[in-house]
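**Q** With the sequence up front, the predicted model follows.
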Amino acid sequence: MSMIGVVLDAANIANRNPPPNSPPGTPRRWEFARVERVRAACAARWPDRHVRAVIDASVMSRLADRAGAATAEREGWLITATGDADDDVLEIADRYAALVFSRDNFGHARLEYPWLDGEPDRVWWFSTRRGLVTLAPRPLKRLTPDEIERARREKERKAGRPVDDADRTWRCLAAEGVCTYAGGPVPAGMLREHRGAWFCMACNNEAEEVLYEPSPAAPPAAPTLLVQVDGDRRRTLDVPSGGLLLGRGGPRRPRVTDVTASLDRSAAKQISRDHLRVEVDDDGWPVAVHEGENGVTFLNPRIGPDGLPADNRLVRGEEYPLCDGDELVLGPGRVRIVVSCAEGDPE
């Protein structure tokens, strides 16, 4: 039997956000068929690697097609996490040196799993065009210690438990006014278990485990690009449904959005006429495609001692899914583009 080589963040993948410009209040859907399609694409690309998927228990109950998930559980390639599935995804990936498919930046886990920063080809994502699934690595943006700490605390806040608390949280089901902990978390020392059920010792009412509620991001109607030259903000561009071509534009090249106006002639020549295309996939997420024959583009690169991008160069013609906060560096680095995919509020 092959070893686990790919781990899927199934809740992340199953989430199908409303199409751009949907009426307000249109609910998101979770479709397990999306997980099955990504698994099939992974199996085709890496036939010698076993694919394991992890899904949050709270999402499992919301799937529009639970029969497929039930079959996957019986077949052994899907497991359900009672807590935050991110923990299981990263633990399995770390144990087997496996790839991870997720839109998460895992800022909270950078110290525990240094490979999130040091191995840019370990985290992947996919884009869908006309039903065709394309897989691509997504090197994560490196974070400062302060950014990591903020991400850790934000993760704990969203999970609804105080920082450094136990992994499992329980809520007292007593009516308001009956118990000090009614409707809220019960301290670990105030719980007792009897025949598989849990009870609050302060009032003897039953307590239920609080399952983590993942909050998949809902894409905006139009992702935006913040263009910076030498660190100064120059302009903000909306990405239309038909995409946006960036490069050396001009009066005779109206289809190209110019990003070189602030550069001298020598620096501008390091940006191709048709340098970079940013498009929107079937789910409304931005995708980058480097088109220039001469220039180069980097995604979340490490900056070397010489001040130049040192890694994560895009392959010409390949699609790279983009996430909120990603940074594209054009040419030697004077032109930078920060991606914004404003996340909607969770349900």
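**A** Perfect, thanks for sending it. Residues are numbered from 1 along each chain as shown.
**Q** Glu193: neighbour count?
**A** 9 (other C-beta atoms under 10 Å). Any C-beta I mention is one placed from the backbone N, CA and C, and that applies to glycine too.
**Q** that's a strand at it, yeah?
**A** Yes. Remark: Glu193 belongs to a strand, assigned using DSSP: H, G, I helix; E, B strand; the rest coil.
**Q** which residues sit in contact with it?
**A** By C-beta atoms under 8 Å, 6 or more residues apart in numbering, the residues touching Glu193 are Phe199.
**Q** per-residue confidence at it?
**A** Glu193 is assigned 82 on the pLDDT scale.
**Q** That one pairs with what?
**A** Beta-bridge partners of Glu193, counted by DSSP bridges, are Trp198.
**Q** ditto for Arg129
**A** Leu132.
**Q** Please tell me how far it sits from Val280.
**A** Arg129 sits 10 Å away from Val280, going by C-beta to C-beta, to the nearest Å.
**Q** Settle this for me: Val339 is touching Val280, isn't it.
**A** No. Val339 lies out of contact with Val280 (C-beta atoms under 8 Å); the separation is 11.9 Å.
**Q** Tell me which residue lies nearest the centroid of this protein.
**A** The structure's the chain has its C-alpha centroid closest to Arg103; by C-alpha atoms, centre = their mean the separation is 1.4 Å.
**Q** Which secondary structure state does it sit in?
**A** coil.
**Q** re earlier: between Arg129 and Val280, which has more neighbouring residues?
**A** Neighbours per residue (other C-beta under 10 Å) separate Arg129 from Val280, with Val280 holding more: 22 against 13.
**Q** residues contacting that one?
**A** Pro20, Ala222, Pro223, Val239, Pro240, Ser241, Gly243, Pro286, Val287.
**Q** repeat that for 6 Å
**A** Ser241 (C-beta atoms under 6 Å, 6 or more residues apart in numbering).
**Q** any idea how far it is from Ala44?
**A** On the measure of C-beta to C-beta, Val280 and Ala44 end up 25 Å apart.
**Q** repeat for Thr82
**A** In this view, Thr82 and Ala44 are 32 Å apart by C-beta to C-beta.
**Q** higher neighbour count, these two?
**A** More crowded of Thr82 and Ala44, by other C-beta under 10 Å: Thr82, with 14 against 10.
**Q** Tell me where the model's unsure across the stretch 101-250 of the chain.
**A** In the predicted model of the stretch 101-250 of the chain, residues 157-168, 211-221 satisfy pLDDT under 70.
**Q** That one: helices as residue ranges?
**A** 115-118, 145-159 (DSSP state H, counting those that start in this stretch).
**Q** mind putting these in TSV, distance to Ala72 and mean neighbour count included?
**A** Shown next, in TSV, are the helices of the stretch 101-250 of the chain (distance: least, C-beta to C-beta, whole Å; neighbours: other C-beta atoms under 10 Å):
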stretch	distance to Ala72	mean neighbour count
helix 115-118	26	17
helix 145-159	25	14
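**Q** what's near enough to touch the residue nearest to the centre of the chain?
**A** When contacts are counted by C-beta under 6 Å, 6+ apart, Arg103 touches Asn12, Trp125, Cys323.
**Q** again, but for Arg192
**A** Arg192 sits next to Phe199, Met201 when contact means C-beta under 6 Å, 6+ apart.
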